[in-house]
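[1] Sequence and computational prediction follow.
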Amino acid sequence: MSFDVDALLAELDLDAKASLLAGQDVWTLPARPDIGLDSLVLSDGPVGVRGVRWSQDDPSVTLPSPTALAAGWDPRLAVRAGRLLAQEARRKGVHVLLAPTVNLQRSPLGGRHFECYSEDPLLTGMIGAGYVTGVQDGGVGVTVKHFVANDFETERFTADVRVGERALRELYLAPFELIVKRAKPWGIMAAYNSVNGTTMTQHAALLDGVLRGEWGFDGFVVSDWLAARDTVASANGGLDVAMPGPRTVFGARLAEAVRGGEVDESVVDDMVRRVLLLAHRTGALEGSPAAHQSEIDGDAIAREVAHRSFVLLSNETGVLPLKQPQSIALIGALAADPKILGGGSATVFPAHVVSPLDGLRKAVPPGTDLAFATGADPRTTLPPATDNFRLRAIAKAADGTRLAEFPLREAKIDWIGELPAGLDLNTLASVEIEGTYLPERTGTHTFAVTGPGDLRLTVAGRTLFDGVNLPPGGDVFTSIMQVNEQRREIDLTDGELVDVSLTYWIPSEMAEFARGSFAWVTFALGHRGPVPDPDAALEEAVALAAKSDVAVVVVGTTAEVESEGFDRTSLALPGRQDELVTRVAAVNPNTVVVVNAGSPVELPWRADVAAVLLTWFPGQAGGDALADVLFGREEPGGRLPTTWPAKLEDAPVTDVTPQEGVLEYGEGVYIGYSAYAAKGTQPAYWFGHGQGYTTWAYEELDGYPDEEGGARVRVRVRNTGKRRGREVVQLYLAPTERGDRPDRWLAGFASVEAGPGEAVETDIVITPRSAEVWRDGWQHIAGEYVLAASHSYAEPRLSTRIVLQKIR
Ligand code: BGC
């Protein structure tokens, strides 16, 4: 059956049309069986597909953080990741994935830095285009987000970003433009913030003028969740769908506005046309193309993206890959309990996680001893109980009736938005995490409860906590962002099974709020076995390192540092992790530091350790990928997608707090590497930096200008090392006449693979845009450029002069 949008539209009256533009709940749009339309389901995004339930009982394949995907510098890898996500979406009945996030890494303080790709618009756009192509190949839609200039979190709902037209075009809009033109996304998400005085959900100049008018975008525009504020201004300003529902600015209020003459019905018709087109594209409309089939192995992709993303920042002594050491000391709390993904709406729940400790235990060669010590623990809340616990969640009504039961992998309930199947906001009164724990060690065990409101914890028949848990002076709502923890201790004996129960009563304020539209049931039971005091833990780790051949120290950030909803205030590693590394390095010359963070952190000891390996938030298979790379089965394939400052003060933008509601992007087009270069600041590691396990000679570079003002470039590189490897060839353009442009910028890249001794040639297209600036319109700057084929921004290997000119 062909898709006749006007025929469908003709069957809908005004109320029916308006209803299709408003969420019926948090994640879905209403169905219209009379025209063969299913309910469209939207879901976060971007490292996995959460589905409509925010809970562990519906797990998702969890890929490495977006920063990691970008560090692969390979759009084809992003296509494959996207295809896996489409498969996940189809498995969960999701039509539209709320991803990718293509805001720029303007400041390392950005709370969602981990969720964006890069400081560079070309790299961001190319990875984003690959991701979108992959997801849509699988018949699933995307919403490229957050359009536009949402590169920070502080006051994100209201802040007005003041940014010059040139920086807006050349930087912040550029990835969206590239993705729209190259990958033809079926959706865009309008951001919370304003740009130059107009909030993005009603920004007609950018939504209708630029996105649809100039770029030819034909998909739908959805509001970020709760971003649409005004019925008339949003409808007339280019927004198509307001989420979440059921209380939104569209729906009945939109129909009323049409009847009142404030919005023309033809505007609503166009909005509905775009929703119907989305339904047709994603298979939600009767007769639209059949669902795609695929059988992609999620674990395998997660593991491959991880090792392809790991960036070997330094390896001065060649300690990596490890050469059959007799003993390895694995150190750090994050080695056993890694941070595999960033916080906020990007959260998904993996079915299983391979920690560095698990991964190394599996892979350690015969004859090598592996020992673990915590050393320093940066976590400020105890991790949810998991090992040796057998737990389930029991949902109960007010009279204690059992409503439903769910298995738990870890003792944490995060039901945000929707409740798991079988539960109803009107009857659910409490949830109990219940089961047993088999202690592995005799001594003092610490249990911790989090969750706003009334809680009761009993362990081994003893009530350890029974009361109200709220932050000092805070109420139920403030405690959503500010997690408050109560710790209690109990002595337990190795091998003696005990009963454990934590009951959480949903606070009445929350229930009221919930009855409206949104469930918010979050609480957890944390646990820690007997541990030495912090000084003794450090000593123990240092002693272990001193007697081992190699020390692998895993350091990183925590959920309190990198998440949606707030920006960072420091780039320092939390807790005593710097001290731990310094002390371990002082006793072991083969200290390898593994950095488990989604965004830049300061590494003050970086020159004193043998190697630094950045693994980002590596997703569910991170520990396996780490073992692959440490033992040399795979090489670390990543290159930095953003410049890492030596210290926060060196970063180009160190304040992302709006002043009186306004955030000035005063640096214009100088962000990232261009800003460091302009200021003459030496960062810790430049954009594009990263080593593999082999060496490369750049043998030939030829540039052939084309008539459109761009060029085709051929580069030949040879693998001069002893093992197969991959190189990311980076092309930078530096204008001979600089004028008001940066020194040089990324103009193209390609990732190539070759065996030992082999040479490989790659063709890279430089588009005319690389030589254009925005001056009330795109203007091509003809003239001579130095074209460099480089290993990183700071390591040109070959260069040549090229004259770019637009003849046609
Ligand atoms: C985030 C979006 C996300 C949405 C739905 C918002 O708070 O900014 O990125 O897709 O919530 O969870």
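    That came in fine, so what should we check first? In this text the structure is predicted, and so the values were computed from the model without any measurement.
[2] OK, contacts around whichever residue of the stretch 301-450 of the chain sits closest to the ligand?
    Distances between the stretch 301-450 of the chain and the ligand by Cβ to the nearest ligand atom are smallest at Ser345, namely 3.4 Å. C-beta: built from backbone N, CA, C; applies to glycine. Neighbouring residues of Ser345 by Cβ atoms under 8 Å, 6 or more residues apart in numbering: Asp44, Gly45, Leu98, Trp225, Glu564.
[3] If you rank those residues by neighbours, which is first?
    Neighbour counts for the contacts of Ser345 (other Cβ atoms under 10 Å) peak at Leu98, which has 28 neighbours.
[4] does that one really touch Gly48, like I thought?
    No. Counting by Cβ atoms under 8 Å, Leu98 does not reach Gly48; the two are 11.6 Å apart.
[5] List, out of the contacts of Ser345, those positioned next to the ligand.
    When contact is defined as Cβ under 6 Å from any ligand atom, the contacts of Ser345 meet the ligand at Asp44, Gly45, Leu98, Trp225.
[6] could these go into a markdown table alongside pLDDT, secondary structure and distance to Arg83?
    Converted to a markdown table, the ones next to the ligand among the contacts of Ser345 look like this (pLDDT from 0 to 100; DSSP: H, G, I helix; E, B strand; the rest coil; distance: Cβ to Cβ, whole Å):
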| residue | pLDDT | secondary structure | distance to Arg83 |
| --- | --- | --- | --- |
| Asp44 | 95 | coil | 18 |
| Gly45 | 91 | coil | 16 |
| Leu98 | 98 | coil | 18 |
| Trp225 | 92 | coil | 26 |
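[7] For this structure, what lies in contact range of the ligand?
    So the chain meets the ligand at Asp44, Gly45, Leu98, Lys145, Asp224, Trp225, Ser345 (Cβ under 6 Å from any ligand atom).
[8] at 5 Å what do you get?
    Asp44, Leu98, Asp224, Trp225, Ser345 (Cβ under 5 Å from any ligand atom).
[9] Can you get me a residue count around the third one?
    Spelled out, that is Asp224. 23.
[10] so who does it touch?
    By Cβ under 8 Å, 6+ apart, the neighbours of Asp224 are Lys145, His146, Asn150, Met189, Ala190, Ala191, Tyr192, Thr201, Met243.
[11] ok, the residue nearest to Tyr665 when sequence neighbours are not counted - contacts?
    Take Tyr665 and drop its neighbours on the chain: the residue closest to it by Cβ to Cβ, 6 or more residues apart in numbering is Val163, 4.0 Å away. Neighbour list for Val163: Ala149, Tyr172, Val195, Asn196, Tyr665 [criterion: Cβ under 8 Å, 6+ apart].
[12] Please apply the same query to Ile394.
    Arg402, Ala404, Glu405, Val431, Glu432, Glu434.
[13] Contacts only, for the fifth one.
    The neighbours of Glu432, taking Cβ under 8 Å, 6+ apart as the test, are Ala393, Ile394, Lys396, Ser501, Leu502, Thr503, Tyr504.
[14] May I have stretch 73-92 exported as PDB, CA atoms only?
    Output of stretch 73-92 as PDB, limited to C-alpha atoms (Å, rounded to 0.1, in the frame of the first residue of the first chain):
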ATOM      1  CA  TRP A  73      37.100   8.400  14.500                       C
ATOM      2  CA  ASP A  74      35.200   5.900  12.200                       C
ATOM      3  CA  PRO A  75      31.700   6.700  10.900                       C
ATOM      4  CA  ARG A  76      31.400   3.100   9.700                       C
ATOM      5  CA  LEU A  77      31.800   1.900  13.300                       C
ATOM      6  CA  ALA A  78      29.100   4.400  14.200                       C
ATOM      7  CA  VAL A  79      26.800   2.900  11.500                       C
ATOM      8  CA  ARG A  80      27.300  -0.600  13.000                       C
ATOM      9  CA  ALA A  81      26.600   0.700  16.500                       C
ATOM     10  CA  GLY A  82      23.500   2.300  15.100                       C
ATOM     11  CA  ARG A  83      22.300  -0.900  13.500                       C
ATOM     12  CA  LEU A  84      22.600  -2.700  16.800                       C
ATOM     13  CA  LEU A  85      20.600   0.000  18.500                       C
ATOM     14  CA  ALA A  86      17.900  -0.300  15.800                       C
ATOM     15  CA  GLN A  87      17.700  -4.000  16.600                       C
ATOM     16  CA  GLU A  88      17.400  -3.200  20.300                       C
ATOM     17  CA  ALA A  89      14.700  -0.600  19.600                       C
ATOM     18  CA  ARG A  90      12.700  -3.100  17.500                       C
ATOM     19  CA  ARG A  91      13.000  -5.700  20.200                       C
ATOM     20  CA  LYS A  92      11.600  -3.300  22.700                       C
END
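[15] Alright, that wraps it up for me.
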